[in-house]
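Visitor: The amino acid sequence is not available; the structure is as follows:
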């Protein structure tokens with residue numbers, strides 16, 4: 001089993017940030033992410049190890065496109081059927097195996113790609129003295145990407161669980177893993193879930 005590059009152990013100053021594992025991406029919707037069913041058991045295994053140190057995020061659309069700024073209005077005109085005034089509210093919820101863990105897991109709602117756009121997340125991490133983030137979720141090349149780069153900018157140790165990430169695009173998922181490994185190797189660690197769990201007591 002491979003070791004993590006920057007230290008053999010993840011301490012009690014580690015949190016699991018699980019990005020947007022919601023029904024809207026798991027089910028047959030215009031935002032369906034086919035891999036989610038495949039990675040869900042892995043994500044659940046990580047979350048179940050330390051549910052009280054897990055933070056789930058949810059991507060919450062506006063009621064109407066005009067409630068968002070700039071290019072987000074064009075985005076939600078394209079996906080108007082998924083705005084809150086039209087979508088089935090159940091689709092916004094976390095997938096059931098993960099929803100069952102909250103609480104003690106925390107849930108933070110966000111309006112844009114990065115969860116760090118919500119001050120509540122940084123405040124929670126500071127309050128808990130978190131220094132390292134194990135990141136899982138969807139999609140590798142959209143919201144996970146935004147979360148990872150913001151976490152790097154803020155100086156967190158970032159550990160990506162490569163078998164607990166999913167995308168609707170194989171090509172860009174693979175490209176992002178290559179990018180993380182080759183261009184951010186001093187700030188992003190990539191490892192499979194079994195390695196991460198072995199290092200996180």
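Guide: That came through, no problem. This structure is a prediction, so every number in the text was calculated from the model and none was measured.

Visitor: Which residue would you name as the spatial centre of the chain?
Guide: Nearest residue to the geometric centre of the chain (Cα atoms, centre = their mean): residue 19, 1.8 Å.

Visitor: nearest residue to that residue other than its sequence neighbours?
Guide: Leaving aside its chain neighbours, residue 19 sits nearest to residue 137 (3.2 Å; criterion: Cβ to Cβ, 6 or more residues apart in numbering). (C-beta placed from N, C-alpha, C; glycine too.)

Visitor: so where do the strands sit in this structure?
Guide: 14-19, 54-59, 106-110, 132-138, 157-166, 188-191 (DSSP state E).

Visitor: Show me what the last one is packed against.
Guide: Judged by 3 or more Cβ pairs under 8 Å, 6 or more residues apart in numbering; DSSP states H and E, the packing partners of strand 188-191 are strand 157-166, helix 170-183.

Visitor: Figure out which of the ones you listed is closest to residue 13.
Guide: strand 157-166 (9.1 Å; Cβ to Cβ).

Visitor: ok, and what's touching the closest one?
Guide: 4, 6, 10, 33, 35-36, 38-39, 42-43, 46, 131-140, 144, 148, 151-152, 173, 177, 180, 187-193, 196 (Cβ atoms under 8 Å, 6 or more residues apart in numbering).

Visitor: lowest average confidence, helix or strand, in the chain?
Guide: Among the helices and strands of the chain, helix 170-183 carries the lowest confidence by mean pLDDT, DSSP states H and E, at a mean of 90.

Visitor: Now do the buried residues in it.
Guide: Residues of helix 170-183 classed as buried by neighbour count (16 or more other Cβ atoms under 10 Å): 172, 173, 176, 177, 180.

Visitor: Could you export these as JSON lines, including distance to residue 95?
Guide: Below are these laid out as JSON lines (distance: Cβ to Cβ, whole Å):
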{"residue": "172", "distance to residue 95": "22"}
{"residue": "173", "distance to residue 95": "19"}
{"residue": "176", "distance to residue 95": "22"}
{"residue": "177", "distance to residue 95": "23"}
{"residue": "180", "distance to residue 95": "25"}
